[in-house]
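**Q** Any chance you could fold what I've pasted below:
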Amino acid sequence: MMAVTVTLTSGALMAMLDQKTPTNITVQLLATALLPGSTTRLLRLYDGQNSFYRCLCVPGSDLFEQLNSGAFPDCSIVAIDSFQCTTAIIKGAESRVLLIRKMQRIACNAIHVTRKIPLAIKFVRVPNHHSAFFTETGSVLRDIRNISGATIQVEVPTPLTDSSARFLRIVGEITAVRKAEDRVTAWLASFEKSANLIVAGNNTSVAAVSPSPNKTCSVDIPLTSITRLGDDRHQANIRAALALPGISGIQTSTSKAARTYIITGADVAVVARARDLLYLELVQEVMAIPAPHWSHFTRNNSAVLKALQTRFNVTAHPEKAGDGHNPVRLKGLNVDIRLAMAHITKELEVAREQAAQETERKALRVEAERATKEQARAKAKAEKAAQKMEKQAEAVRNKALLAEQAARQERERAEAAARLEAIRRAEEAARRERERAEAAARLEAIRRTEEAARQERARIESVRQESLRLKAPCLATAAATTSSFSLIVEVPIALYDRVGHVQHEANLQAARTVPGVSSVDMTGGGSTTMNYALRGSCRMALETGRDIILAASKLSLHVDLSMVMLKKFTENRYHLMNSIRKDCNVVITPQKGGTQGPKGRRLFVVGTRENVLAASGRIHDAIGRVVGGLHSSGVVDSQAGAAVVGSTITGHLNGPSAPDAGPSNVLIGFHSGSAISAGLQDCQSSVSGWTTVAQSQSKITGGDCIICQEKPSTTSFVPCGHVYFCLPCAEKAFLAKKECPACRGVSIMVMRTFSNA
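**A** Predicted coordinates:
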């Protein structure tokens, strides 16, 4: 079976013996055995560091039965769940034991890997009347430790079964524990036999107090120590010990490894002094050197320490700790170590005196330097005060000059401010006057535009009434000879929203009054249109009613401008363009192209007829002001005036009656009474006067066709009589819609016209 490697709870046994309760206790059960003549079973446990064989299992318990049945073989790994630290009588003597109550097996074949030799734990009972000798500061424990090499500790008194004794805990290797136990037994036997205190060992034996008047003490000195010290010095120490007052004699005996001296004296103190003179021991001591005096021992390649080693036959190793005290480790015979330590103490006194002298000299130097610096500071302070006074005087003079200069500048500034204020007021008055004149001109232009629009509407209505009057006989005849007709009209919701409910109802009522129309009824519609059914006796009457319902109310214009003129409309973040757009409720969009070539620009104006006409008036006034300003300032000459202005307005009358057909083009020229006309006349530019398509004050013939703008206008529509078209364009328009492109009136024919000119 393969062995299992486990980890033991190191130090668990020592903690259990200290009345502590560690958790997860994992130990190795080395062996079990029955006490001779008893049913109690002893257990030997090992925790990876210490081993303890005074572990008991109470007869009759479950654990006792398991041990007897072989459930826990030797060297198995176990976990202790319950235990108690107490005392018990084993082999007729009271001893400290661990009572194991519950234990579980973890593994049978387990290997615990360790590089340390197990340390055994042993308890020795010491009666209370002898426990005073076994103190930590006494020589008995030191003797036992030196002899055995084990660790010995006096346990704190606890309520034992026998309260007249205490326990010594011995920890170490098994041979060291046995030596220590034997040494304790020997000391206890000597205390029982005699009242003398005997301190014995490889190095020291101290005698106990005897009721006799003489005190004795034995000293064992290794021969190697005597050889190292030198026989002459050793004999001198013996003679010095015999010469001490109160010493009656020193007896000597020699063995193979040591020489024993028995010292007899009058009292313990003198015997101890003689013992100290004879006693030789290779010891190691450490002296702490204060950091401020460390350099005294290490300077000049540690000359002081080297002299110490040569003089006293010791080794001295300096060690720098860095915590305020640096240790010097001394090793040698005790007598030499004492002399070396006394010498180091003297050297420390010398170092302290030198440090004090150096401190005093340094203080004197510092005081001298301070006095020199103080004198220099006083001198510098006086010079600085003088310089400060001179600077203050200079500052006063400069302040007076600056005040005078500031007063002069303030007077000049006040005069300049007064002049600027007068100029500003004059300019402000001139600007207000110009703005007032411009506002009056704009208002006048708007008034003229509105008046022209009103006249246009009146003229269209009169033309429509005249057309109806002329068509009435025809419609009556058609009604008498023709059967009933019907027509479905789709009115866009956008058109309804634009003209408004009142105007739309008026259009419906006007359509019902057309001769030949018997009824106009709403048949339904969708989300974008409203459907109306027209019924009558004449198709032409129904088309007339349709045109009235779908009244053309939208006009779009293209205003061709030069780059100079477009800049006037777009400067200051499109201020002029936004003002016209807001005041006239139209949409104005700048576009590329036009009649000015690739570098030309045009304004695209869209809105209702009245709003577009008002916006065109505003645009004409703005162009006129620009041209007039350029002419008055001499910026343009007579030949460049038209090039700078270069403005042409082309309008589109959008009729919803034929949404698929393109809009009819109408050329709108410059009005003879506008500011543009006056400016261009000053520039001697040949710009013709303008009229709207609604006006009929122009000649019958002689102009260009307003549709193609190439052929002469030689054809008129009947009955409206508008002569603005060439014959091909008029025929196409008539065949497409049977109406005049200028007034949208119903036409029955086109007629070629001739001029006498």
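
**Q** Quick check: mean pLDDT of the longest helix that the chain contains?
**A** Counting residues, the longest helix found in the chain (DSSP state H) is helix 334-481. Average pLDDT, helix 334-481: 85.

**Q** change the start of the numbering to 93 and stick with it
**A** Got it, first residue is 93 now, which makes that one helix 426-573.

**Q** which residues make contact with the helix or strand following that helix from outside it?
**A** Using DSSP states H and E, the next helix or strand after helix 426-573 towards the C-terminus is strand 577-584. Outside strand 577-584, the residues within contact range by C-beta atoms under 8 Å, 6 or more residues apart in numbering are 596, 615, 617, 620-631, 634-635, 637-638, 641-642, 748. Using the backbone N, CA and C atoms, a C-beta is placed for each residue, glycine as well.

**Q** Repeat that for stretch 670-684.
**A** The contact list for stretch 670-684, computed with C-beta under 8 Å, 6+ apart, reads 658, 661-662, 669, 692-700, 703-704, 706-707, 710-711, 714.

**Q** circling back: can you flag which of the contacts of strand 577-584 belong to helices?
**A** His596, Arg631, Leu634, Glu635, Gly637, Arg638, Ile641.

**Q** Those: which two are farthest apart?
**A** The span of those, defined through C-beta to C-beta, is set by His596 and Arg631 at 23.7 Å.

**Q** in the stretch 193-342 of the chain, which spans are strands?
**A** Under the criterion DSSP state E, counting those that start in this stretch, the stretch 193-342 of the chain contains strands at 202-203, 211-219, 243-246, 257-264, 307-314, 339-346.

**Q** Tell me the buried residues in the second one?
**A** Using 16 or more other C-beta atoms under 10 Å as the test for burial, strand 211-219 gives Leu211, Ala212, Ile213, Lys214, Phe215, Val216, Arg217, Val218.

**Q** Would you format those as JSON lines with pLDDT and distance to Asn405 included?
**A** Formatted as JSON lines, the buried residues of strand 211-219 follow (pLDDT from 0 to 100; distance: C-beta to C-beta, whole Å):
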{"residue": "Leu211", "pLDDT": "86", "distance to Asn405": "37"}
{"residue": "Ala212", "pLDDT": "88", "distance to Asn405": "40"}
{"residue": "Ile213", "pLDDT": "89", "distance to Asn405": "42"}
{"residue": "Lys214", "pLDDT": "87", "distance to Asn405": "41"}
{"residue": "Phe215", "pLDDT": "87", "distance to Asn405": "44"}
{"residue": "Val216", "pLDDT": "86", "distance to Asn405": "41"}
{"residue": "Arg217", "pLDDT": "83", "distance to Asn405": "46"}
{"residue": "Val218", "pLDDT": "83", "distance to Asn405": "41"}
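
**Q** So which of these is the closest to Gly837?
**A** Comparing the buried residues of strand 211-219 against Gly837 with C-beta to C-beta places Leu211 closest, at 131.2 Å.

**Q** What's the local residue count around the closest residue to the closest one other than its chain neighbours?
**A** Once flanking residues are discounted, Leu211 sits nearest to Asn142: 4.9 Å by C-beta to C-beta, 6 or more residues apart in numbering. Residues lying near Asn142 (other C-beta atoms under 10 Å) number 20.

**Q** Which pLDDT value does the model give Ile172?
**A** pLDDT recorded at Ile172 is 90.

**Q** Now name the helix or strand holding it.
**A** With DSSP H and E as criterion, Ile172 is part of strand 168-182.

**Q** Buried ones in that strand, by neighbour count?
**A** Within strand 168-182, the residues that count as buried by 16+ other C-beta under 10 Å are Ser168, Ile169, Val170, Ile172, Phe175, Cys177, Thr179, Ala180, Ile182.

**Q** that older thread, export the strands of the stretch 193-342 of the chain as TSV, with columns for distance to Lys684.
**A** What follows is those, written out as TSV (distance: least, C-beta to C-beta, whole Å):
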stretch	distance to Lys684
strand 202-203	97
strand 211-219	105
strand 243-246	107
strand 257-264	107
strand 307-314	122
strand 339-346	133
